[in-house]
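In: compute the structure for the input listed below.
(one chain, ligands or ions: 1)
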Amino acid sequence: MEKLIIEGGKPLYGEVKISGAKNAALPLMAATLLAPGRHFLRNMPNLRDTRTFVRLMENFGVKSERTGDVLMLDTTHLDHTEAPYDLVKTMRASVLVLGPLMARFGRAKVSLPGGCAIGARPINFHIMGLERLGVTCTLEGGYVDARIDGPLRGNVIYFDVPSVTGTENLLMAAVLAEGTTVLKNAAREPEIGNLIDMLNGMGARIEGKDTDRLTIHGVKNLIPADCSIIPDRIETGTYLIAIAATGGTGTVTNCNPAHLPSLLEKLRAVGLIITETETTIAVGWPERADKRRVIGNVDIKTMPYPGYPTDLQAQFMALMTLSSDTCVINETIFENRFMHVAELHRMGARIRVDGHFAVVTGGGIDGMKGAPVMATDLRASSSLVIAGLAASGRTEISRIYHLERGYEDLVDKLTGLGAKVWKEQE
Ligand code: EPZ
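Out: Sure thing, here's the model as predicted:
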């Protein structure tokens with residue numbers, strides 16, 4: 001296995017280009033199952049998770065071809081509809097094939113994803129929604145066996161919690177259903193808007209994009225897609241926070257500031273100067289007479305979009321360990337998303353966790369010291385990278401396969417910003 005070595009304490013300067021969004025690429029790949037033919041997905045990031053998803057699609061008989069950042073998926077000849085445990089257990093988002101397989105074939109057998117480091121990650125809303133559309137779901141041997149005779153039947157579905165992949169799965173299930181489906185209390189993340197644009201471009205009739213009420217008028221069939229994946233807002237936020245934590249100045253390009261309303265306000269609240277254009281965000285600290293860098297502090301409460309994203313909670317916590325005061329971070333989405341805290345403690349952070357709350361007492365900009373730490377999940381590991389970049393001395397992060405799931409060309413992009421970072425064999 002590989003580890004990441006960081007010689008910290010160097011401000012980051014310059015530009016970094018954002019890749020396509022992992023959490024849009026996965027549902028958009030699943031949606032190609034809805035229509036036979038050659039589909040083209042542009043701005044496709046090359047990540048461990050997208051490569052795993054391609055393997056899952058090939059397992060159904062899909063043919064794939066990548067040319068630069070364009071992925072072609074040919075879904076003409078699909079020979080079976082089972083997603084095996086050994087593929088699904090490594091990537092929960094595999095559950096996204098359930099909806100499109102049901103819509104196209106009326107049957108699917110998908111392994112239950114199982115939990116992960118950040119929580120139990122149930123899929124009861126996905127199952128509930130399919131059953132509302134007339135599907136019979138049997139849970140046995142760790143698999144969901146879903147079947148229906150004839151097309152799915154439109155209905156009203158209410159989400160107790162606005163589930164992102166739950167909304168995506170049921171959108172894809174409903175586009176070929178008989179009649180109209182209404183999703184109430186649906187999630188509104190930008191990745192769902194990207195999926196809606198793709199599906200409508202394939203001939204679907206979906207209304208209510210970017211709202212919590214989606215109306216889907218079923219159609220008879222769809223045509224192959226040719227569409228672009230939106231920039232990754234979580235990668236964008238990760239680099240903005242990394243530049244800020246190191247006391248640097250930089251510009252994130254090929255991004256969409258409109259997808260980060262909450263984070264940009266929080267970064268301004270701690271004293272940063274943020275300048276936006278349609279596709280770039282510049283970040284830096286104001287000049288101070290005493291030349292010192294003082295990071296303010298602000299409380300965070302993670303919420304469904306457009307609230308503060310849970311996927312940027314760990315990264316912001318790393319920034320707050322360098323602030324000059326105390327803040328409270330309230331993680332309301334997942335039950336175990338503070339795995340990064342024990343590792344940040346090893347670098348000198350002062351953080352107290354009590355259930356869904358973490359109280360961070362900043363130690364000032366020199367408060368963190370490099371140390372060997374271990375990545376536990378995708379976003380926790382990016383929090384350790386940020387802490388290592390800001391800390392003085394050397395940080396070694398093990399199990400970096402977590403990082404490679406969601407950050408394309410991380411070492412090259414950080415090196416391009418002036419960081420001293422490289423990989424070594426463990
Ligand atoms: C998506 O996961 C993202 N993954 C996650 O990003 C992200 O953290 C999450 O949304 C929240 O924004 C992808 O898009 C591939 P949810 P998802 O269903 O859809 C509960 C990353 O780092 N729930 O919106 O699985 C659930 O336990 C990943 O890129 C049920 O109870 O999340 C959670 O508490 C991590 N039953 C809440 O709802 C269900 O059937 C929100 O989960 C579904 C969800």
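In: what's across from residue 119 in the sheet?
Out: Counting by DSSP bridges, residue 119 is bridged to residue 116.
In: what about it, distance to residue 392?
Out: Distance, residue 119 to residue 392, using CB to CB, to the nearest Å: 34 Å. C-betas here are computed from N, CA, C, even on glycine.
In: ok, those two, which is more surrounded?
Out: Neighbour comparison, residue 119 and residue 392: the larger count goes to residue 392, with 16 against 13 (by other CB atoms under 10 Å).
In: ok, and the closest non-adjacent residue to the more buried one?
Out: Nearest residue to residue 392, sequence neighbours excluded (CB to CB, 6 or more residues apart in numbering): residue 9, at 4.4 Å.
In: and the one you found, what's its pLDDT?
Out: Looking at residue 9, its pLDDT stands at 95.
In: residues contacting it?
Out: For residue 9, the contacting residues are 246, 390, 391, 392, 393, by CB atoms under 8 Å, 6 or more residues apart in numbering.
In: is residue 352 bridged to anything, and to what?
Out: residue 359.
In: number of nearby residues for it?
Out: 12.
In: who are the contact partners of it?
Out: 358, 359, 361.
In: top of the residues you listed by neighbour count?
Out: residue 358 (24 neighbours).
In: and residue 363, how far from residue 283?
Out: In terms of CB to CB, residue 363 sits 22 Å off from residue 283.
In: contacting residues for the closest residue to residue 361 other than its chain neighbours?
Out: Nearest residue to residue 361, sequence neighbours excluded (CB to CB, 6+ apart): residue 350, at 4.2 Å. By CB under 8 Å, 6+ apart, the contact list for residue 350 reads 321, 360, 361, 362, 363.
In: of the residues you listed, keep whichever come out buried.
Out: 321, 360, 361, 362, 363 (16 or more other CB atoms under 10 Å).
In: and the residue lying closest to residue 188 once chain neighbours are set aside, how many neighbours?
Out: Leaving aside its sequence neighbours, residue 188 sits nearest to residue 305 (CB to CB, 6+ apart; 5.1 Å). Residue 305 has 21 neighbours, counted by other CB under 10 Å.
In: I'd say residue 305 and residue 191 touch.
Out: No. Using CB atoms under 8 Å, residue 305 is not in contact with residue 191; the gap is 9.0 Å.
In: so which residues of the protein form helices?
Out: Assigned by DSSP state H, the chain shows helices spanning 22-31, 48-59, 85-88, 98-105, 124-132, 164-174, 190-201, 233-245, 261-269, 313-320, 339-345, 378-390, 401-404, 410-416.
In: one step back: tell me which of the buried ones among the contacts of residue 350 is nearest to residue 397?
Out: Minimum distance to residue 397 across those is 15.9 Å, recorded for residue 321 (CB to CB).
In: measure that closest one to residue 42 for me?
Out: 38 Å.
In: repeat for residue 128
Out: 34 Å.
In: and the two? which has more neighbours close in?
Out: Each of residue 128 and residue 42 has its neighbours counted (other CB under 10 Å); residue 128 has more, 16 against 13.
In: please name the nearest non-neighbouring residue to the more buried one.
Out: Closest residue to residue 128 apart from its sequence neighbours, by CB to CB, 6+ apart: residue 157 at 7.5 Å.
In: so who does that neighbour touch?
Out: Here residue 157 is in contact with 128, 129, 132, 133, 170, 181, 182, 183, 184 (CB under 8 Å, 6+ apart).
In: are any of the residues you listed buried, and which?
Out: 128, 129, 132, 133, 170, 181, 182, 183.
In: I figured the fourth one was touching residue 174, is that so?
Out: Looking back up the chat, that one is residue 133. Yes. Using CB under 8 Å, residue 133 is in contact with residue 174, at 6.6 Å.
In: so which residues on the chain come close to the ligand?
Out: 22-23, 26, 93, 119, 121-126, 161, 163-166, 187, 310-311, 333-334, 378-379, 406 (CB under 6 Å from any ligand atom).
In: give me that answer again for 5 Å
Out: 23, 93, 122-125, 161, 163-166, 310-311, 378-379 (CB under 5 Å from any ligand atom).
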